[in-house]
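A.B. asks: I would like the atomic coordinates for the input below:
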Amino acid sequence: MLSLCEHEGIKGTILIAAEGINGTVAGPSQGIVRLWEHITALPGCENLEHKESTAQSMPFKRMKVRLKKEIVTMGQPNVDPRAKTGHYVEALDWNVLISSPDVAVIDTRNDYEVGIGTFEGAIDPQTKTFREFPEWWAKNKHRLQDKKIAMFCTGGIRCEKSTNFLLGEGVDEVYHLKGGILKYLEQVPKEESTWTGECFVFDNRVSVGHGLVEGNYDQCYACRRPITGANKEREEYIKGMQCHQCVDEYTDEDRARFGERQRQMDAARE
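C.D. replies: Presented below is the predicted three-dimensional model:
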């Protein structure tokens, strides 16, 4: 797979684990077609889904194919999304489901992702990593005992695990957005949307909006959190070294290392 991507001028990251395959890549149209033909020819991958969008420039610096124990690390050995997941809800049916008063909507993403956009009325667990979700659930499940649970994430991958986890916790009705936020933004017209803000993505585009067009955020390359143009005007901001969100999180040695990395990136770009 790595050889094929390099031959076709494709860059990005593909993760492969016993539980499945996931990734985001970019490259010439014909190269992407050849990669998809290769992936769907693999045993068990015939019915994989994918989403397509565009970027004005290459959003990745290199191509990586990694073998992983988990696609998204949850740290729960009994969670197996291959065994059972929640009920899939198509993007065009999502608004009807989450508007019901007996449904609690949970955003399973990390706090910095939720911070730039989410669905109206969604619960933010304020987790810094996906590993923290089981602990959050243990502390908050009493508030949601009489509710159906609807969950969503960027592309639908985290929900494969989080819905399996809730089923194992005894929740009777669990639903999740098929294809995630990206499929919703692709298919649901803006005028009918209940999404507010932008969706964080893990490449140099940083965020996308309705129609999967490139968003308005940049990224702090020290803490990797999204930042706006106004954030970069703040006195705490030093390109590649810190922003107002992480100014107290790193040592002088860390910042020196970040600064050297930024100088090397600038030199390579020139």
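
A.B. asks: ranges for the strands of this protein?
C.D. replies: Counting by DSSP state E, the chain has strands at residues 11-17, 20-26, 63-67, 87-89, 103-107, 117-119, 148-152, 174-177, 195-197, 199-200, 207-208, 218-219, 226-227.

A.B. asks: now the angle from the second one to strand 63-67?
C.D. replies: For the pair strand 20-26 and strand 63-67, the angle between their directions (axes from the mean of the first three to the mean of the last three C-alpha atoms, to 10 degrees) equals 170 degrees.

A.B. asks: would you list the strands of the chain in TSV and tack on mean neighbour count, distance to Tyr237 and mean pLDDT?
C.D. replies: Every C-beta, even on glycine, is put in place using the N, C-alpha and C of the backbone. Shown next, in TSV, are these (neighbours: other C-beta atoms under 10 Å; distance: least, C-beta to C-beta, whole Å; pLDDT from 0 to 100):
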stretch	mean neighbour count	distance to Tyr237	mean pLDDT
strand 11-17	17	27	95
strand 20-26	19	27	93
strand 63-67	15	29	97
strand 87-89	16	40	96
strand 103-107	21	27	98
strand 117-119	21	22	98
strand 148-152	24	31	98
strand 174-177	24	34	97
strand 195-197	16	21	97
strand 199-200	24	19	96
strand 207-208	22	18	96
strand 218-219	18	10	94
strand 226-227	22	8	96
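
A.B. asks: among those strands, which is nearest Cys243?
C.D. replies: Of all the strands of the chain, it is strand 226-227 that lies closest to Cys243, at 5.3 Å by C-beta to C-beta.

A.B. asks: Show me what the closest one is packed up against.
C.D. replies: strand 218-219 (3 or more C-beta pairs under 8 Å, 6 or more residues apart in numbering; DSSP states H and E).

A.B. asks: Now tell me what touches the strand it packs on from outside.
C.D. replies: Applying C-beta atoms under 8 Å, 6 or more residues apart in numbering, the contact partners of strand 218-219 are Asn204, Val206, Arg225, Pro226, Ile227, Thr228, Gly229, Lys232.

A.B. asks: Just checking: what are the partner strands of that strand?
C.D. replies: Here strand 218-219 is paired, per DSSP bridges, with strand 226-227 (antiparallel).

A.B. asks: are any of the contacts of strand 218-219 buried, and which?
C.D. replies: For the contacts of strand 218-219, a neighbour count by 16 or more other C-beta atoms under 10 Å gives the buried set as Val206, Arg225, Pro226, Ile227.
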